[in-house]
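Enquirer: What follows is a predicted protein model with its sequence.
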Amino acid sequence: MTATTHSTAKLAWPIDRFVTTTAALMLLVLGWLIYIETAPFLLALFVIGTVMGIALFHGSLGFTGAWRNFVLTGKATGMRAQLLMLAVATVLIVPLVSGVIDVGASGTSAPLGVSLVVGSFIFGFGMQLGGACGSGTLFTAGSGNTRMVITLMFFILGAFIGSMHHMWWMNLPAAPAVILHQSLGPWLAIIVQLAVIAFLWWFFGRREKKMTGSTGWGLTAKSDVTGIRRIISGPWPLLWAALVLAVGNMLTVIISGSPWGITFAYALWGAKVAQAVGIDVAANAYWSTNFASMALSDSVLVNVNSVMAIGVLLGAMLATGLANRFKKACPPNLAWKSVAAAIIGGLLMGYGGRVGFGCNIGALFSGVASASLHAWVWFAFAFAGSYLGIKVRPMFGLPN
Amino acid sequence: MTDVIYNKRNLVLAMMLLFGVIMADHVSSETFKYNMGQGGDTVLLKLDEVSGSGCGAP
């Protein structure tokens, strides 16, 4: 009897076939549509987005919870995962965007000014109320979390409003962008960035030890599930997710010519909806720029950010089905205060992300991978905003 | 064996809505016009002009 029970438990591999099949069908249909209507490189980016969505979900690699955990409890495992991801991305991507390896790519950079500081602070504050960041909102919405779908909708609205105000913010005082691989040379830029990451690794560990009594690696947590089943259904150790995201961003640079970004897609989707209801979006200064106006008049299926964002969303949904966890992280009843926080958080993240040159992915991850100083400024002010957001969460009935 | 805590019909409707919105946007786009042989100023022919804007900053 015992042997039978053990055997059954070992064989049980619960997969939500309905969610898995639905997500797989959507991926196939959209992948086919992208292939026949656009170009093969966009299909490749769609696949990369899908894999990154799987990695984000299976690895539970989020910025919001990790930052909150670190502030409140001192636990720094999530922070270490992010630092590892940034370090690997620096080594893989700086040679590409600096021209050491010529793939015709350029990095992400932005001026250092009021817009960046205010935008990143607002974004950090909003992500604690909204419950996730740019990538986190996508993968948790894809996992069936109703509250995160609300956050996502208002993220899109906020990004659109931010885009309409973008040029006003651009006229505020700012110093030119500082791109470390241009000012220091690519190898010294890599060394400097790795040194900063190493210092932060040490600093986070020191605080963790002081607050919890111990510190450690923590990125290769074991699971009862192993082998191929763990790869397909998760949970992944943070290390796997961090490496997949870093390599995924590198492939994005090689294929699309620039690093991964998310929030432009949200602004674009908002602008398209606004245009559909009769708002003259095209007359706005931001949407009159070459890049934005072409994106506005063309299909989302030829916009790199959009194609990858849709891939992340559906990839996360597929992973959720494979893990049999669809909608399981979703609270059964949403309190109005929680919904209000999702709305405010989404709006602030959208607005802050647009005026602050992106989110944790476009500004931080891809900015660091491009050796642009604005990414580090973004990190500092987003973390400060996040700290304030953590303090405000209890007012909305959100647990800390 | 899975314990379903969502409405399957709603999930299918959400996916159909997503697909419908993407299709509606696509068939009114410059790329679709180009593919149909009706001109169309598709981004795909101007990739050099739109590269390097990963975060969408103009």
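Expert: Nice, I can see it.
Enquirer: make it CA atoms for all contacts and neighbour counts henceforth
Expert: Will do.
Enquirer: got the residues of the stretch 101-250 of chain A near chain B?
Expert: Proximity of the stretch 101-250 of chain A to chain B, by C-alpha under 8 Å from any C-alpha of the partner chain, involves residues A:105-108, A:110.
Enquirer: of all those, which comes closest to chain B?
Expert: A:Ser106 (5.2 Å; C-alpha to the nearest C-alpha).
Enquirer: phi, psi of the closest residue to A:Leu172 other than its chain neighbours?
Expert: Once flanking residues are discounted, A:Leu172 sits nearest to A:Val114: 6.3 Å by C-alpha to C-alpha, 6 or more residues apart in numbering or on different chains. Dihedral angles of A:Val114 (phi, psi; degrees, to the nearest 10) stand at phi -60, psi -40.
Enquirer: tell me the contacts of A:Val114?
Expert: By C-alpha atoms under 8 Å, 6 or more residues apart in numbering or on different chains, the contact set of A:Val114 is A:169, A:172-174.
Enquirer: which SS class is A:Gly62?
Expert: coil (DSSP: H, G, I helix; E, B strand; the rest coil).
Enquirer: Can you report how many residues lie near it?
Expert: 25 (other C-alpha atoms under 10 Å in any protein chain shown).
Enquirer: pLDDT score for the nearest residue to it once chain neighbours are set aside?
Expert: If the residues on either side of it in the chain are set aside, A:Gly62 comes closest to A:Gly136, at 5.7 Å by C-alpha to C-alpha, 6+ apart. Per-residue pLDDT puts A:Gly136 at 96.
Enquirer: pLDDT weak spots in the chain?
Expert: By default, I'm working from chain A. A:1-11 (pLDDT under 70).
Enquirer: my question was about chain B
Expert: The model of chain B has pLDDT under 70 over residues B:1-3, B:48-58.
Enquirer: Tell me which helix or strand the residue sitting nearest the centre point of it sits in.
Expert: In chain B, the residue lying closest to the centroid (C-alpha atoms, centre = their mean) is B:Ile22, at 4.1 Å. Using DSSP states H and E, the element containing B:Ile22 is helix B:8-27.
Enquirer: buried residues in that helix?
Expert: B:11, B:15, B:23, B:25-26 (16 or more other C-alpha atoms under 10 Å in any protein chain shown).
Enquirer: and which of those is nearest chain A?
Expert: B:His26 (4.7 Å).
Enquirer: Do you have the helices of the stretch 51-200 of chain A handy? List them.
Expert: For the stretch 51-200 of chain A, the helices defined by DSSP state H, counting those that start in this stretch occupy A:64-73, A:77-97, A:114-130, A:134-142, A:146-170, A:180-183, A:186-212.
Enquirer: Save the ones you listed as TSV, and put in distance to A:Pro332 too.
Expert: Shown next, in TSV, are the helices of the stretch 51-200 of chain A (distance: least, C-alpha to C-alpha, whole Å):
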stretch	distance to A:Pro332
helix A:64-73	20
helix A:77-97	27
helix A:114-130	17
helix A:134-142	15
helix A:146-170	9
helix A:180-183	48
helix A:186-212	33
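Enquirer: how close does the residue nearest to A:Leu172 get to chain B?
Expert: 15 Å (C-alpha to the nearest C-alpha, to the nearest Å).
Enquirer: Relative to A:Trp378, how far out is that residue?
Expert: Between A:Val114 and A:Trp378 the computed distance is 11 Å (C-alpha to C-alpha, to the nearest Å).
Enquirer: Same question for A:Ile15.
Expert: Using C-alpha to C-alpha, A:Ile15 is found at 40 Å from A:Trp378.
Enquirer: again with A:Leu238
Expert: Counting by C-alpha to C-alpha, the gap from A:Leu238 to A:Trp378 is 23 Å.
Enquirer: what do you get for A:Ala87?
Expert: A:Ala87 sits 17 Å away from A:Trp378, going by C-alpha to C-alpha.
Enquirer: I'm done for today, thanks for sticking with me.
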